[in-house]
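**Q** Fold the following for me, if possible:
(one chain, ligands or ions: 1)
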Amino acid sequence: MHYFEYRSGELHAEGVPVRRIAEEVGTPTYVYSLATLRRHYQIFDQAFARLPHLVCFSVKANSNLAVLRVFVRAGGGFDIVSGGELFRALKAGADPKKIVFSGVGKRTDEMEDALRAGILMFNVESQQELRVLNEVARSLGKKAPISLRVNPDVDPRTHPYISTGMKKSKFGIDIKRSVEEYKKALSLSYLEVIGVDCHIGSQLTSIPPFVDALERVKLLLGALRTEGCHIRYLDLGGGLGIRYKDEEPPHPDLYAEAIIRGLGGLNVILILEPGRVIVGNAGILVTKVLYLKETEDKKFVVVDGAMNDLIRPALYGSYQGILPVEERTGETMVADVVGPICESGDFFAKDREIPRPKPGDLLAVMSAGAYGFSMSSNYNSRAKAAEVLVDGESFYVVRERESLQDLIRGEAIPSILH
Ligand SMILES: *Cc1c(COP(=O)(O)O)cnc(C)c1O
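**A** Numbering: from 1, shown residues only. Alright, predicted model coming up:
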């Protein structure tokens, strides 16, 4: 459910015609709907209302300060994977006590910053990381609250690049060896063991993999109890999928129900790290048609947005809906919708049937709120797109379009080349 709809033939973001935003801000531009962000957060949070829980929005899905602020105001926490994301979350006004730090390669300076900020916990992914974190905490005279990220070896049945909980994945600690690792963690005096963490992948469209992972994690909790280690926090990661095309992901209520049932009265504080399910369908990418190019075998719609703005189709071969901003009936065409970048992987859609556009027409790439701007780059020296937040009849630029000067910021020609 989202608030991007046609009204009298014109695509609107809430009460604002998308065309107006494009006219004032230019293209390509990301447009987010505040009402949708709030609604998705609320639905997800409410689904777990029966249990003590904390929703930690996964910052990597969409790290714009204004978007993060929406979740701060809603009482949410954050799942971060870098010092940069810590910086952003704190800038957005996050309560450090609601921040969890995930990731397989944390640097010591990032650990220091997070310890100084006083975050809720580190999700530790290896034995070496345990030892390094213990040393960093010692040097600061602090105790680092930790959970171990365990790898339950469950197939999430999603794209291999976003499967993270299988045996051969770089993430987490083999659940079979995890009791041993917990014992090591307990022996390190600058660590405080408070949780168990597990995240099996992204864009999951069915419940069983979540439940399977939970079953395995529950066995671990039992084993840890026998060892006298009482776990207060159970972090089940993120991963709930959304509809891009015809997927039928479970509603958050069903997901929550399955998890609550699976927990069976276990006395823990649940942490959830949703990203995509909150922001994915709360954003679109607005782009302008530059040219129609037709060869004997193929038709191309060349637009001003590209894989540097939205890389999902290029990276995962994933589907993004594409709608004309002016609703059209009549002639359709089958075309590839492509950007200007010098890569054949630079496309938003392949062999897609769309209403035949004209140069200058605006298109909306749907479901672009998650892993859109946050994965964007300056490839081909393209300035990054603007980001806009819509609230009812108003809209706000929440990130300016980059300028040419931004493209070379920090670069220098050394004197030997003068
Ligand atoms: C990416 C990630 C998430 C969020 O995943 P979504 O599929 O966007 O919900 C949560 N936790 C961790 C550790 C992640 O790496």
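
**Q** Within the helices and strands, which one has Ala258?
**A** helix 252-263 (DSSP states H and E).

**Q** scratch that, Arg131 is what I was asking about
**A** helix 127-140.

**Q** With Val398 instead?
**A** strand 394-399.

**Q** Can you get me a residue count around Ile259?
**A** Neighbourhood size, Ile259 [other Cβ atoms under 10 Å]: 21. Just so you know, the C-beta spots here come from the backbone N, C-alpha and C atoms, and that holds for glycine as well.

**Q** helix, strand or coil for the residue of the stretch 301-418 of the chain found nearest the ligand?
**A** Residue nearest to the ligand within the stretch 301-418 of the chain (Cβ to the nearest ligand atom): Ala370, separated by 5.9 Å. Of the three states, Ala370 takes coil according to DSSP: H, G, I helix; E, B strand; the rest coil.

**Q** Numbering from 63 from now on, please.
**A** Got it, the first residue is 63 from now on, which makes the last one we talked about Ala432.

**Q** Quick check: it touching Leu347?
**A** No. Here Ala432 does not reach Leu347: they are 11.7 Å apart, not a contact under Cβ atoms under 8 Å.

**Q** excluding its backbone neighbours, what's nearest Glu462?
**A** Leaving aside its sequence neighbours, Glu462 sits nearest to Ala448 (Cβ to Cβ, 6 or more residues apart in numbering; 6.0 Å).

**Q** who's in contact with that neighbour?
**A** 87-88, 91-92, 459, 461-463 (Cβ atoms under 8 Å, 6 or more residues apart in numbering).

**Q** what pairs with it across the strands?
**A** Taking DSSP bridges as the rule, Ala448 bridges to Thr91.

**Q** what's the residue of the stretch 363-480 of the chain closest to the ligand sitting at in phi/psi?
**A** phi -110, psi 140 (degrees, to the nearest 10).

**Q** Pull the number of nearby residues for it.
**A** Neighbours of Ala432 using other Cβ under 10 Å come to 26.

**Q** where does it land on pLDDT?
**A** With respect to pLDDT, Ala432 has a value of 98.

**Q** same thing with Gly234?
**A** 87.

**Q** doesn't Val216 make contact with it?
**A** No. The criterion here is Cβ under 8 Å, and Gly234 misses it with Val216 at 11.1 Å.

**Q** Neighbour count: those two, which is higher?
**A** Gly234 (27 against 24).

**Q** separation between the more buried one and Asp215?
**A** 10 Å (Cβ to Cβ, to the nearest Å).

**Q** intersection of neighbour lists for these two?
**A** By Cβ under 8 Å, 6+ apart, the residues touching both Gly234 and Asp215 are Gly227.

**Q** Now do the SS call for the residue in the stretch 163-312 of the chain that the ligand sits nearest to.
**A** Of all residues in the stretch 163-312 of the chain, Gly300 sits closest to the ligand, at 2.7 Å by Cβ to the nearest ligand atom. Following three-state DSSP, we place Gly300 in the coil state.

**Q** Tally up the residues packed near it, please.
**A** 25.

**Q** what do you get for Ile161?
**A** Ile161, neighbours per other Cβ under 10 Å, totals 24.

**Q** Wait, Ala411 touches Val396, no?
**A** No. Applying Cβ under 8 Å as the test, Ala411 and Val396 come out as separate, 10.1 Å apart.

**Q** Would you mind telling me which of those two has the busier surroundings?
**A** Legend: neighbour count by other Cβ under 10 Å for Ala411 and Val396, higher for Ala411 (19 against 11).

**Q** is the ligand contacted by the helix or strand containing Leu377?
**A** Using DSSP H and E, the element containing Leu377 is helix 374-378. No. For helix 374-378, no contact with the ligand is found by Cβ under 6 Å from any ligand atom; the gap never falls below 12.0 Å.

**Q** and this structure, what are its domains?
**A** The chain resolves into domains spanning 66-93+343-465, 96-341 when parsed by automatic domain parsing.

**Q** which residues sit in contact with the residue of the stretch 363-480 of the chain closest to the ligand?
**A** 123-124, 304, 337-338, 340-342, 345.
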